[in-house]
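In: Sequence and predicted structure below; questions after.
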Amino acid sequence: MNFRIPDLVVATLFGLAAFAANPQDRAPYPAKPVKLIVNTLPGSPPDVLARLLGDKLASSLGQAVVIENRTGGIGMIGLNAVAKAPPDGYTLGILTLPNIVGPSLIARMPFDIEKDLTPVSLFARDANLLVVPSGAPARSVAELIALAKAQPGVLKFASGGISTPAHLAGELFKREAGVDIVHIPYNSAVLGASAVLTGDVDMMFGATLAVSPHVKSGKLRALATTAARRIPAYPDVSTLVELGYANVAFSGWFGVVAPAGTPKETVTRLHLEIRKFGALQETRQRLEAIGLESTEAGPEEFAAYMRSELRRWNKVVRDAGIKAD
């Protein structure tokens, strides 16, 4: 006699087997350590912020947050690892302004920023400071421009690399001020700031996190900021907007992304935890002390901002003729 197991029973048995084989998939999130990929060198502004955020997330999530630095390819190597990771919330990445510029510089992107990454939270903004050595003859933006116009192609400005905010700000400044200054890219914002300190270059639109210690110590002189309004850490430093260069105004930014397809409830949980971190008075004070400000932008707002930034900087790259190394 032949017996036929009903289809419903077979489906149930397979379902139970799958659950038994993958109990982690059914466990409450997070049930294991979370990896946060940073696509810059240790000690860089994104890395410093990622470690600060990682410590707070570990406490609130109840799981370790492991920072992994994967550099190269204008940050695309690290972000590609995020995009290709399982969409389960256990691999996250830091996305910054230079990464948004990547698609305009790389002919064959290994992934699509808009389609393959899920925005989680935009958690901080970073204005840049136009700095010169403390012994430099220029004590104002007007004097710096006059020096540059008197010596076309002689003055040099540093950055932490192609497409970094310091590089983009310098290109915008060249266009708006009508000066011919030479871009010198370094491997990090810290090295770029060091080059200004030693006099190897004449100026830098440095991230506040990279140049603040030297400004505070008096070794660098801050002439202006790229922020839309004066920043609390430097109330006496004028904005370029005030000085008549509104088109140079912009902020760097730091956000968290996950692989596309990450469950909405996981993304929401992560954003809420990051927002709690940003809302802490301790966090706000610590960020403001180095010229940063926390934000509360969630997944939808962050996605819209990413789209607008992609359009804006694609035009800047085309107009300035910026090329990848």
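Out: That came in fine, so what should we check first? Being a predicted model, the structure only gives us computed values, none of them experimental.

In: now the helices for the stretch 1-150 of the chain?
Out: 7-21, 23-26, 45-61, 76-83, 97-105, 113-116, 141-150 (DSSP state H, counting those that start in this stretch).

In: Give me the number of neighbouring residues for the residue nearest to Asn99 when sequence neighbours are not counted.
Out: The shortest distance from Asn99 to any non-neighbouring residue, by Cβ to Cβ, 6 or more residues apart in numbering, is to Gly75 (4.4 Å). Yep, even glycine has a C-beta here, placed from its N, CA and C like the rest. Neighbourhood size, Gly75 [other Cβ atoms under 10 Å]: 28.

In: And for the one 4 residues further on?
Out: For Leu79, the count of nearby residues is 27 (other Cβ under 10 Å).

In: same deal with the one 10 residues further on?
Out: With neighbours defined by other Cβ under 10 Å, the count for Gly89 comes to 22.

In: any idea how far it is from Val256?
Out: With distances taken as Cβ to Cβ, to the nearest Å, Gly89 is found 11 Å from Val256.

In: ok, residues contacting stretch 222-241?
Out: Residues from elsewhere that reach stretch 222-241 (Cβ atoms under 8 Å, 6 or more residues apart in numbering): 127-132, 138-141, 144, 165, 169, 173, 205, 208, 211-212, 215, 243, 246, 248-251, 288-291, 293.

In: Tell me how many other residues surround the closest residue to Met109 other than its chain neighbours.
Out: Of all residues not flanking Met109 in the chain, Pro103 sits nearest, at 5.5 Å (Cβ to Cβ, 6+ apart). Neighbourhood size, Pro103 [other Cβ under 10 Å]: 19.

In: Could you do Gly321 as well?
Out: 7.

In: now that we're looking at it, which residues does it contact?
Out: Counting by Cβ under 8 Å, 6+ apart, Gly321 has no contacts.

In: Give me the phi and psi angles of it.
Out: phi 70, psi 30 (degrees, to the nearest 10).

In: about what we covered before: the residue nearest to Asn99 and Leu97 touch, don't they?
Out: No - applying Cβ atoms under 8 Å, one finds Gly75 not in contact with Leu97, separated by 10.0 Å.

In: if we can go back for a sec, for the helices of the stretch 1-150 of the chain, which one sits closest to Ser194?
Out: helix 45-61 (14.6 Å; Cβ to Cβ).

In: which helices and strands sit right next to the closest one?
Out: strand 34-38, strand 65-69, strand 91-96, strand 117-126, helix 208-217, strand 252-259, helix 264-279 (3 or more Cβ pairs under 8 Å, 6 or more residues apart in numbering; DSSP states H and E).

In: what helix or strand does Leu172 sit in?
Out: Element membership for Leu172 (DSSP states H and E) is helix 165-177.

In: Quick one: work out the angle between that helix and helix 45-61.
Out: 130 degrees (axes from the mean of the first three to the mean of the last three Cα atoms, to 10 degrees).

In: now helix 165-177: mean pLDDT?
Out: On average, the pLDDT along helix 165-177 is 93.

In: C-alpha coordinates for the helix or strand just after it, CSV please?
Out: Next helix or strand after helix 165-177 toward the C-terminus (DSSP H and E): strand 182-185. C-alpha atoms of strand 182-185 as CSV (Å, rounded to 0.1, in the frame of the first residue of the first chain):
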residue,chain,number,x,y,z
VAL,A,182,47.1,74.2,-7.1
HIS,A,183,45.5,71.2,-5.5
ILE,A,184,47.9,68.9,-3.6
PRO,A,185,46.1,65.7,-2.4
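
In: helices or strands up against strand 182-185?
Out: strand 156-159, helix 165-177.

In: Kindly reformat the ones you listed as CSV containing distance to Gln63.
Out: Formatted as CSV, the helices and strands packed on strand 182-185 follow (distance: least, Cβ to Cβ, whole Å):
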stretch, distance to Gln63
strand 156-159, 36
helix 165-177, 32
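
In: which stretch among these comes nearest Pro46?
Out: So among the helices and strands packed on strand 182-185, helix 165-177 is nearest, using Cβ to Cβ, at 11.1 Å.

In: That closest one: how far from the chain's middle?
Out: 18 Å (Cα atoms, centre = their mean, to the nearest Å).

In: And that helix, what's buried?
Out: Residues of helix 165-177 classed as buried: Pro165, Ala166, His167, Leu168, Ala169, Gly170, Glu171, Leu172, Phe173, Lys174, Ala177 (neighbour count, 16 or more other Cβ atoms under 10 Å).

In: got it, and stretch 260-276?
Out: Thr262, Thr266, Val267, Arg269, Leu270, His271, Glu273, Ile274, Arg275.

In: same thing with stretch 136-149?
Out: Of the residues in stretch 136-149, those buried (16+ other Cβ under 10 Å) are Ala136, Ala138, Val141, Leu144, Ile145, Leu147, Ala148.
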